[in-house]
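J.: Any chance you can model this:
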Amino acid sequence: MCFKKPQAKFVRFEGNEDQIIWTSPEIDVLLKKQRIDVIVPAMREAVCALDGVVDTVWQPGRHQLVGDKKIPQQDLKIYFINKTVVVPVLWGTPSFIDLQDPVFEMPVRFGARGTAKLSIDDVSKVLFKISGSRTEYTSAQLAEFFRPKTVQLFTTLLATKMEDLNLSYFNLPRYLDIMSNVISGGMASEFAAYGMKLEDFTIDQIKIEEDTLKKFSSDAEMVRRFKLREKMYEQAREEMRADRAADADYLERMIRVCGEAAERAKDDRDVTFVMPVIS
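T.: As a prediction, this is how the structure comes out:
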């Protein structure tokens with residue numbers, strides 16, 4: 001009996017430019033000794049998954065996949081992935097968040113919004129932690145996938161950092177640039193678990209609920225302590241050397257030192273504050 005040799009097949013990207021992840025529908029089985037030519041366009045990578053496991057990652061160009069001599073057939077998926085696209089995730093809290101202020105020990109309700117910019121870094125993690133059984137993902141769909149996760153991460157990391165730095169939520173609206181840098185480090189490691197690279201993260205706005213502001217403003221002692229902290233932060237920022245102004249670690253240390261100094265001085269009515277040297 002004579003067995004006919006499987007013919008070579010061609011697989012190429014046939015999706016549209018907005019599809020960051022696109023799976024070829026042309027073939028889903030790799031036969032024994034079968035040859036498949038894979039053509040990868042510029043700015044994309046092709047990923048071969050055999051029996052649910054990533055087998056090969058191809059760069060732009062023409063490549064050949066050959067079926068195993070001993071295995072009659074294997075499940076096959078060939079993904080085309082664009083790693084050059086930066087996906088903007090416009091995130092925002094759907095409603096006010098309720099948290100305890102670590103400085104003034106009162107409940108605070110606030111909302112926040114900002115932008116996270118992501119790109120694909122580890123294709124294996126992306127395929128099996130994000131894509132799953134889906135055959136394609138556009139920029140908009142990836143942004144939608146990460147929007148609630150970004151809000152959840154932001155809320156958790158912000159609460160942790162505010163407590164760690166002894167920083168009040170009432171100070172936060174004036175220091176969004178600093179806190180964006182401080183939080184982005186924790187954000188980056190969380191997104192990396194999904195195979196994504198955090199290119200940029202910003203907190204664009206913090207809005208504290210009116211009732212919370214009224215309650216705070218009616219307490220003279222809270223207002224006094226708030227003004228003290230504001231004076232400390234402003235003095236610290238003025239004294240920072242220009243060449244270190246964008247150093248996130250330095251900014252975080254500055255916030256921590258100011259918070260500790262203000263905490264020690266909060267029971268004093270007349271305070272003269274000298275900015276400590278941060279090495």
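J.: all helices for the chain, in order.
T.: Assignment of helices within the chain using DSSP state H yields the ranges 123-126, 139-165, 176-192, 210-217, 220-239, 248-265.
J.: Take those helices and write them to JSON lines, including mean neighbour count, mean pLDDT and distance to residue 96.
T.: No exception for glycine: its C-beta is placed from N, CA and C like everyone else's. Shown next, in JSON lines, are the helices of the chain (neighbours: other Cβ atoms under 10 Å; pLDDT from 0 to 100; distance: least, Cβ to Cβ, whole Å):
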{"stretch": "helix 123-126", "mean neighbour count": "18", "mean pLDDT": "87", "distance to residue 96": "33"}
{"stretch": "helix 139-165", "mean neighbour count": "17", "mean pLDDT": "93", "distance to residue 96": "11"}
{"stretch": "helix 176-192", "mean neighbour count": "18", "mean pLDDT": "90", "distance to residue 96": "18"}
{"stretch": "helix 210-217", "mean neighbour count": "13", "mean pLDDT": "90", "distance to residue 96": "9"}
{"stretch": "helix 220-239", "mean neighbour count": "15", "mean pLDDT": "78", "distance to residue 96": "20"}
{"stretch": "helix 248-265", "mean neighbour count": "18", "mean pLDDT": "66", "distance to residue 96": "24"}
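J.: Looking at those helices, which is nearest to residue 26?
T.: helix 123-126 (19.9 Å; Cβ to Cβ).
J.: same for the closest one, what does it pack against?
T.: The criterion is 3 or more Cβ pairs under 8 Å, 6 or more residues apart in numbering; DSSP states H and E, and the helices and strands that helix 123-126 contacts are strand 45-50, strand 53-58, strand 73-81.
J.: out of the ones you listed, which comes closest to residue 197?
T.: By Cβ to Cβ (comparing all of those), the closest turns out to be strand 73-81, at 13.3 Å.
J.: What is that closest one packed up against?
T.: strand 19-23, strand 29-31, strand 45-50, helix 123-126.
J.: winner for burial among those?
T.: strand 19-23 (a mean of 23; mean count of other Cβ atoms under 10 Å).
J.: Next, format the helices of the chain as TSV and append distance to residue 43.
T.: TSV is the format used below for these (distance: least, Cβ to Cβ, whole Å):
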stretch	distance to residue 43
helix 123-126	14
helix 139-165	14
helix 176-192	21
helix 210-217	48
helix 220-239	42
helix 248-265	31
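J.: so which of the ones you listed comes closest to residue 202?
T.: Between residue 202 and those, the shortest separation by Cβ to Cβ is 4.8 Å, and it involves helix 176-192.
J.: how many other residues sit next to residue 83?
T.: Neighbour count of residue 83, defined by other Cβ atoms under 10 Å: 15.
J.: hey, what's residue 64 bridged with?
T.: Applying DSSP bridges to residue 64 gives these bridge partners: residue 37.
J.: With residue 81 instead?
T.: residue 21, residue 45.
J.: And it, how close does it get to residue 44?
T.: Going from residue 81 to residue 44 by Cβ to Cβ, to the nearest Å gives 6 Å.
J.: Comparing those two, which residue is more hemmed in?
T.: residue 81 (24 against 21).
J.: residues touching that one, list them.
T.: By Cβ atoms under 8 Å, 6 or more residues apart in numbering, residue 81 lies in contact with 20, 21, 22, 44, 45, 46, 47, 120, 123, 126, 127.
J.: The fifth one contacts residue 57, doesn't it?
T.: Yes - with contact taken as Cβ atoms under 8 Å, residue 45 and residue 57 are classed as touching, separated by 5.9 Å.
J.: What ranges in the stretch 1-150 of the chain fall below the confidence cut-off?
T.: Low-confidence regions of the stretch 1-150 of the chain, defined by pLDDT under 70, span residues 1-8, 132-133.
J.: tell me the domain ranges of the chain?
T.: Under the assignment named as automatic domain parsing, the residue ranges that make up the domains of the chain are 9-81, 87-265.
J.: Give me the distance from the last one to the chain's centre.
T.: Per Cα atoms, centre = their mean, to the nearest Å, the displacement of domain 87-265 from the mean C-alpha position of its chain is 12 Å.
J.: ditto for the first one
T.: Using Cα atoms, centre = their mean, the distance from the centre of domain 9-81 to the centre of the chain it belongs to is 29 Å.
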